[in-house]
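>>> using only what follows, build the 3D model:
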Amino acid sequence: MPVTPTMLHIPAGEFLMGSDDFYPDEGPTHRVRVPAFELDERPVTNAEFAVFVAATGYLTVAQRPLDPAEFPDLSPRDLDPGGLVFTPSPGPVDLGDWRQWWRWVPGACWQQPLGPGSSIEGREDHPAVQVSFADAGAYAAWAGKRLPDEAEWEFASRGGLSDTFTYAWGNEASPDGVLMANTWQGRFPYLNTGANGWKGTSQAGTFPPNGYGLIDMIGNVWEWTRTYYSARHDPVAGAGTHDRVSGCACTPHRDKAAESAEPGSGIPRRVLKGGSHLCAPEYCLRYRPAARSPQAEDTATSHIGFRCARSLPADQ
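Okay, here's the model as predicted:
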């Protein structure tokens, strides 16, 4: 029997999804109804992912060589397995150029999240990272679950709190000086004083749970959803009602996978939610329920993890 996180019941409800006050892709705000479902209490940890790998022999995308047909311009050496690893810059840099703090590291994978020489030893209860969308989906299927869609994730992240609040806990980023999530503290991307002492990922449960008892819905690691990314929400297509099957409001016959891809790329992108330990107000004010970020399905990084969901019968 798979060892997986405790699942919590998320009641059915209606909320105002998105925001018109921050990044363009968060709008327009629109009313969405979400059926009841179950969601993992916290992100899947290194220990839990290790059980999955031991039981199945699964090899993550970051552990497989790149396909030369998909990357014809790369040299054979650059096709080695690996992942993207955050590397602090030596000082202030152009925040418009993400290459100043991200580097491709051969050998980086879930067991060595920062590359060769790194380890998850002593970090078994930290979120598993360097997992692609396919990796997260494979774990979910093995556990008899699925990935949440964006509307489910956003609704659950508020923990029953009014959708008029900016953050998952209210309108203040740090109410009464209390840090509510693992986010960047200091000057991005070169000076991080640590979130309650944590630099990088933190142990699940370090920061306060939300009103539903969910841990790390905001901060620590970004989390995969099964929803295809779009530059704006499309409330008209779904008449304001959430489609629990496809994970989004959609128009029939549209190729959402193709539309989600970055221009010039054929790789679909999915929506990430929640922000991470790298989110800083001067660069990435995305540690909010309404915030979202696109990520190519084949990408694995040192700040992306996931949690699983499970549908309930329609009468629950």
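
>>> so the residue nearest the centre of the chain, which of the three states?
The residue at the geometric middle of the chain, judged as the C-alpha nearest the mean C-alpha position with Cα atoms, centre = their mean, is Glu223 (1.7 Å). Going by DSSP: H, G, I helix; E, B strand; the rest coil, the secondary structure assigned to Glu223 is strand.

>>> these two touch, right, it and Arg307?
Yes. Glu223 sits in contact with Arg307 when judged by Cβ atoms under 8 Å, with a separation of 5.9 Å. Where C-beta positions appear, they are placed from N, C-alpha and C, glycine not excepted.

>>> shared neighbours of those two, anything?
Counting by Cβ atoms under 8 Å, 6 or more residues apart in numbering, the shared contacts of Glu223 and Arg307 are Pro43.

>>> quick one: contacts for the nearest residue to Ser276 once chain neighbours are set aside?
Setting aside the residues directly before and after it, Ser276 is nearest to His303 in space (Cβ to Cβ, 6 or more residues apart in numbering), at 4.2 Å. Taking Cβ under 8 Å, 6+ apart, we find His303 in contact with Phe86, Val129, Thr201, Val221, Trp222, Ser276, His277, Leu278.

>>> same check, this time on Cys284
By Cβ under 8 Å, 6+ apart, Cys284 lies in contact with Phe188, Gly275, Leu278.

>>> Thr56 too?
Listed by Cβ under 8 Å, 6+ apart, the contact partners of Thr56 are Ala138, Trp142.

>>> can you get me a residue count around Phe71?
Phe71 has 11 neighbouring residues, counting by other Cβ atoms under 10 Å.

>>> show me what contacts it?
Each residue near Phe71 by Cβ under 8 Å, 6+ apart is listed here: Asp78, Leu79.

>>> could you report the distance from it to Asp97?
As for Phe71, its distance to Asp97 is 21 Å (criterion: Cβ to Cβ, to the nearest Å).

>>> for Val129, same thing?
Where Asp97 is concerned, Val129 sits at a distance of 23 Å (Cβ to Cβ).

>>> what's around Trp101, how many residues?
When neighbours are counted by other Cβ under 10 Å, Trp101 comes out with 18.
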